[in-house]
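J.: Build me a structure from this.
(2 chains)
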Amino acid sequence: MKHATRVLPGFGLTLGYTVFYLSLIVLIPVGALILKAVSFPFETLWQAATSPRAIASYQVTFVTALCAAIANAVFGTLVAWCLVRYSFPGRSIVDAMVDLPFALPTAVSGIALTAVYSKSGWIGQWLHPLGIEVAFTPLGITVALLFIGLPFVVRSVQPAFEELDPAVEDAAAILGASRWQTVLRVLFPQVMPAILTGFTMSFARGLGEYGSVVFIAGNMPFRTEIASLLIVTKLEQFDYAGATAIGCVLLAASFALLLAINLIQNRWLRRWGGAV
Amino acid sequence: MSTALHQGGLDALAAQRTEPAWLRLLLISITLAFLACFLGIPLLAVFTEAFRRGAGVYLQSLVDPAALAAIRLSLFVTLVAVPMNVLFGLMAAWAIARFSFRGKSLLLSLIDLPFSISPVVAGLMLVLLFGMQGFLGPFLSGLDIDIIFAVPGILLATLFVTFPFVARELIPLMQQQGAEEEEAAVLLGANRWQLFLRITLPNIRWGLLYGVVLSTARALGEFGAVSVVSGHIRGRTNTIPLHVEILYNEYNFSAAFAVASLLTLSALLTILLKSWLEWRIGRERGASMEEAKP
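T.: As a prediction, this is how the structure comes out:
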């Protein structure tokens, strides 16, 4: 019966190639990490994953990624709101430029941000007298992650604002809601899942980011050393158990966040009847 | 009279639907200031730093043999990786968007997997697989095949991080378009090549190009994954971003920013192409919706 409805050719070939290529490029390497982890004694792995230096690197990574994701959720939403709701000169250029962090190689972002935010840089020279050091501090890592994560929030929230039904806003206004009430209690609940998705994506990207951070971070163990950098350091010292252990922690964190994004989107689908 | 009243009501509603002018101005100013600090000024800084020591030094940095070798290697890796992504993207989109089978949503999540894995962890995976301490390392070195600290490793790392781009653009596009035209073509006797070249390809060309643009940008600019597997051998396993890093760490800032400015120009070109393609795809979608109306 199923075969009778299959008019189009090429199912076996295309699915076969997809699974083959997926295994070759993605699944076998992922499997190698997991197999390697299993091949070490658990004690060795646990010690490497929970050494004070590793714990410090998780803390730096987690806190800076969280701060950057929160800042992105606020400013990204504001940017999306202005792009959708207001017209101002150069709006379409600003709209296109939001993708810059996606398009610019991370190493270039890293050296450019370091140049701008270092003590003698265009912005850093104004912050330095105020006692704010950005480059080579955790704040610098946050700035880099803010840059990298911004498009995730804007591109997630922008379509949500565009899809809002103006009739709902009119109804709220006619029923006597003030503009503040309409925005906070009618508009925001509708775009909240999009903000949360963007926040989680920006946070997940921040946990794994490397290129833009290494230049601005200063890379001091226990202070500005992120988890990805510690993996690179361990590899350079031929400490494969250490690199594998920290790699597994990062992999587990990104799987957990991926699950979180899926849950948010599923709840959204159920709540809004699949109208996404 | 009644229409005037009606108009007045509409105007009042429209006014209710936006904020007072001062607040709008304030929000737009905050947005522009924020974007200037985090996007605009760093972008300008790349070019001013690149030309700080004059156009002569700038050009010198670009024609330096190590820079040229890095450019060649990056172009080579990109020219191999992007067509492989296109082939995979087309295959995956055909299987997923045109047939129903068990485990489709699992397959979709697995295709997205490289997006959520840290590039450094991706590089680590390849080292654990192909490095001397890895599973296949001893076997491969017996055959005199180098993967880690050599070009094949860089290619594999690039293939890993750019893996989902084309497939992710094509799958939703082909699902949305539906299979009617293709089924009609088959029933009218089209063979596989005619079906692909005359029906499918023209329908998906802009989406395909969009995926190509995104994966080219990522292939040229990938840093973390490639950095782990490359070994940074100047002139041999250095891509453009790795060359930027080496120059920067040698405090050769003008040269680092000069080479970085090339990547920045290609990023700006990417954004331009992306905006143009979004406009094209939007127009085509609008046109097909018009046709669909009775």
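J.: Which single residue of the stretch 1-150 of chain B ends up nearest chain A?
T.: Closest approach between the stretch 1-150 of chain B and chain A, counting by C-beta to the nearest C-beta: residue B:118, at 2.7 Å. No exception for glycine: its C-beta is placed from N, CA and C like everyone else's.
J.: How many residues are close by residue 185?
T.: The chain I'm using is chain A. 11 (other C-beta atoms under 10 Å in any protein chain shown).
J.: was after chain B, sorry
T.: Using other C-beta under 10 Å, residue B:185 has 19 neighbouring residues.
J.: ok, now residue A:261?
T.: 19.
J.: which SS class is it?
T.: With DSSP: H, G, I helix; E, B strand; the rest coil as the basis, residue A:261 sits in helix.
J.: got the contact list for it?
T.: With contacts defined as C-beta atoms under 8 Å, 6 or more residues apart in numbering or on different chains, residue A:261 is in contact with A:197, A:200, A:201, A:204.
J.: got the phi/psi numbers for residue B:148?
T.: phi -80, psi 140 (degrees, to the nearest 10).
J.: so who does it touch?
T.: So residue B:148 contacts B:126, B:127, B:130, B:131, B:132, B:134, B:137, B:229, B:231 (C-beta under 8 Å, 6+ apart).
J.: give me that answer again for 10 Å
T.: If you count contacts by C-beta atoms under 10 Å, 6 or more residues apart in numbering or on different chains, residue B:148 has them with B:123, B:126-134, B:137, B:140, B:154, B:156-157, B:228-231, B:237.
J.: low-scoring stretches of chain B, by residue?
T.: B:1-16, B:288-294 (pLDDT under 70).
J.: Now do the domain split for it, please.
T.: B:1-50, B:54-292 (automatic domain parsing).
J.: neighbours of residue B:225, just the number please.
T.: Burial of residue B:225 is recorded as 30 neighbouring residues (other C-beta under 10 Å).
J.: wait, what's in contact with residue A:225?
T.: Residue A:225 sits next to A:53, A:54, A:56, A:57, A:60, A:61, A:141, A:214, A:217, A:218, A:219, A:233 when contact means C-beta under 10 Å, 6+ apart.
J.: Helix or strand for it, just tell me which one.
T.: Using DSSP states H and E, residue A:225 sits in no helix or strand.
J.: That one and chain B: what is the separation?
T.: 13 Å (C-beta to the nearest C-beta, to the nearest Å).
J.: With residue A:54 instead?
T.: 14 Å.
J.: Not counting residues beside it along the chain, what's closest to that residue?
T.: For residue A:54, ignoring the flanking residues on the chain, the nearest one in space by C-beta to C-beta, 6 or more residues apart in numbering or on different chains is residue A:246 at 5.8 Å.
J.: ok, now residue B:148?
T.: Of all residues not flanking residue B:148 in the chain, residue B:131 sits nearest, at 4.6 Å (C-beta to C-beta, 6+ apart).
J.: Count the neighbours of that neighbour for me.
T.: Residues near residue B:131, counting by other C-beta under 10 Å: 24.
J.: Show the contacting residues for it.
T.: Remark: with contacts taken as C-beta under 10 Å, 6+ apart, residue B:131 is in contact with A:235, A:238, A:240, B:124, B:137-138, B:140-141, B:147-149, B:153, B:228-229.
J.: Show me chain A divided up by domain.
T.: Following automatic domain parsing, one finds the domains of chain A at A:1-39, A:42-271.
J.: Could you count how many residues lie near residue A:174?
T.: By other C-beta under 10 Å, the burial measure for residue A:174, its neighbour count, is 12.
J.: distance of it from residue A:182?
T.: Distance from residue A:174 to residue A:182, counting by C-beta to C-beta, to the nearest Å: 11 Å.
J.: Please apply the same query to residue B:116.
T.: Distance from residue B:116 to residue A:182, by C-beta to C-beta: 36 Å.
J.: What of residue B:248?
T.: Residue B:248 is 50 Å from residue A:182, by C-beta to C-beta.
J.: again, but for residue A:66
T.: As judged by C-beta to C-beta, residue A:66 and residue A:182 stand 30 Å apart.
J.: Compare neighbour counts for the two and give me the winner.
T.: Between residue A:66 and residue A:182, residue A:182 has the larger neighbour count (other C-beta under 10 Å), namely 20 against 16.
J.: so who does the residue nearest to that one when sequence neighbours are not counted touch?
T.: Using C-beta to C-beta, 6+ apart and skipping the chain neighbours, the partner closest in space to residue A:182 is residue A:172 (4.4 Å). By C-beta under 10 Å, 6+ apart, residue A:172 lies in contact with A:178, A:179, A:181, A:182, A:183, A:185, A:186, A:187, B:16, B:17.
J.: what comes up buried for the helix or strand containing residue B:268?
T.: Taking DSSP H and E as the criterion, residue B:268 maps to helix B:253-292. Buried residues in helix B:253-292, counted by 16 or more other C-beta atoms under 10 Å in any protein chain shown: B:253-264, B:266-268, B:270-271, B:273-275, B:277, B:281.
J.: circling back: next up, the contacts around the residue nearest to residue A:54.
T.: Contacts of residue A:246 (C-beta under 10 Å, 6+ apart): A:45, A:48-49, A:51, A:53-54, A:57-58, A:227-228, A:230-231, A:233-234, A:239, B:120-121, B:124.
J.: Now do the contacts for residue 165.
T.: Answering for chain A, as no chain was given. Contacts of residue A:165 by C-beta under 10 Å, 6+ apart are A:171, A:190.
J.: my question was about chain B
T.: By C-beta under 10 Å, 6+ apart, the residues touching residue B:165 are B:82, B:85-86, B:89, B:114-115, B:210-219.
J.: I'm done for today, thanks for sticking with me.
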